[in-house]
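[1] below are the sequence and a predicted model; questions follow.
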Amino acid sequence: MNEMKQYVHEIEKKLRVDRSTRHRIMSDLASDLQSRLDGGETAEAIRADLGEPAQVAAGLNEAFADRCIKKSPLRWLFLAAALVVVLACLLADGAFSIGLSASEAATIGVIGGAAGPTAIFTTTAATTPLWECLPLVLGLVCLFLMLGWCCADRRRCWVPVLLCGVCTLGWMFGPIAVAVSMAASGSGAIGLQLLLDSFLGSGVWLCTGVLVWALNRLWR
């Protein structure tokens, strides 16, 4: 019985149809397999008759081609946008490096609160435009994957999940820690504004959106 469940699970993972169609197919398949098992057929005989999971799924995807999640041609726009952002950042980084010396490139921003301590944030030349736009670039690339490469197999959605998840958590860890610290010292409004600026200004919002979408496709 466990072997048959694994067989059915492998078929389901390779289906590219929408959620309602997948549920209907799997319900009918499970009923058919259970009926054959009750009729005395062995799991090995049923598997040999139906074929490998990839073959069964391919046949079902072809039969329900009008219900399949198809690759979107719009995915190329997101890939092109990612390349444009990278190119623009590289050009901006070159202009920044040529126009400023290392000492001039270091900037200090002071954020203070009337009732709380003053927090000082130092930004050096190591913070390049490309690094600042990394979440936006990753979000655009993962959108490209979700609308194309990931349509062939739901398990491929783990790639956008990992990329966007690591980027979102890594990028927001610092701002969240600072916001919590400032809230504890009585400068909660400023900390919240800093957190919001980090979330919206760097493209983390796009990574977060793609992360939610990819997780939904994996679990549905």
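    Received the coordinates, thanks. Quick caveat, the model's predicted, so the values are computed rather than measured.

[2] quick check: domain ranges of this structure?
    For the chain, automatic domain parsing gives the domain ranges 2-67, 75-219.

[3] the top helix by length along the chain - contacts with which helices or strands?
    Looking across the chain with DSSP state H, the single longest helix is helix 158-184. Where contact means 3 or more C-beta pairs under 8 Å, 6 or more residues apart in numbering; DSSP states H and E, helix 158-184 is packed against strand 119-123, helix 134-146, helix 188-201, helix 204-219. C-betas here are computed from N, CA, C, even on glycine.

[4] now the angle from it to helix 204-219?
    Inter-element angle recorded for helix 158-184 and helix 204-219: 130 degrees (by axes from the mean of the first three to the mean of the last three C-alpha atoms, to 10 degrees).

[5] so which bits of helix 158-184 are buried?
    By neighbour count on 16 or more other C-beta atoms under 10 Å, the buried set for helix 158-184 is 159-161, 163-165, 167-168, 171-172, 175-176, 178-179, 182-183.

[6] from those, pick the one nearest Gln193.
    Closest approach between the buried residues of helix 158-184 and Gln193, by C-beta to C-beta: Ala179, at 8.8 Å.

[7] my guess is the closest one contacts Ala189. True?
    No. In this structure Ala179 lies outside contact range of Ala189 using C-beta atoms under 8 Å: 10.2 Å.

[8] only C-alpha atoms, please: export stretch 155-164 in PDB.
    Written as PDB, here are the backbone C-alpha positions of stretch 155-164 (Å, rounded to 0.1, in the frame of the first residue of the first chain):
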ATOM      1  CA  ARG A 155       9.300  20.900  -7.100                       C
ATOM      2  CA  ARG A 156      11.300  23.400  -9.000                       C
ATOM      3  CA  CYS A 157       9.500  26.200  -7.100                       C
ATOM      4  CA  TRP A 158      12.000  25.300  -4.300                       C
ATOM      5  CA  VAL A 159      14.600  27.300  -6.100                       C
ATOM      6  CA  PRO A 160      12.600  30.700  -5.900                       C
ATOM      7  CA  VAL A 161      11.600  29.800  -2.400                       C
ATOM      8  CA  LEU A 162      15.300  29.400  -1.300                       C
ATOM      9  CA  LEU A 163      16.600  32.400  -3.200                       C
ATOM     10  CA  CYS A 164      13.800  34.800  -2.100                       C
END
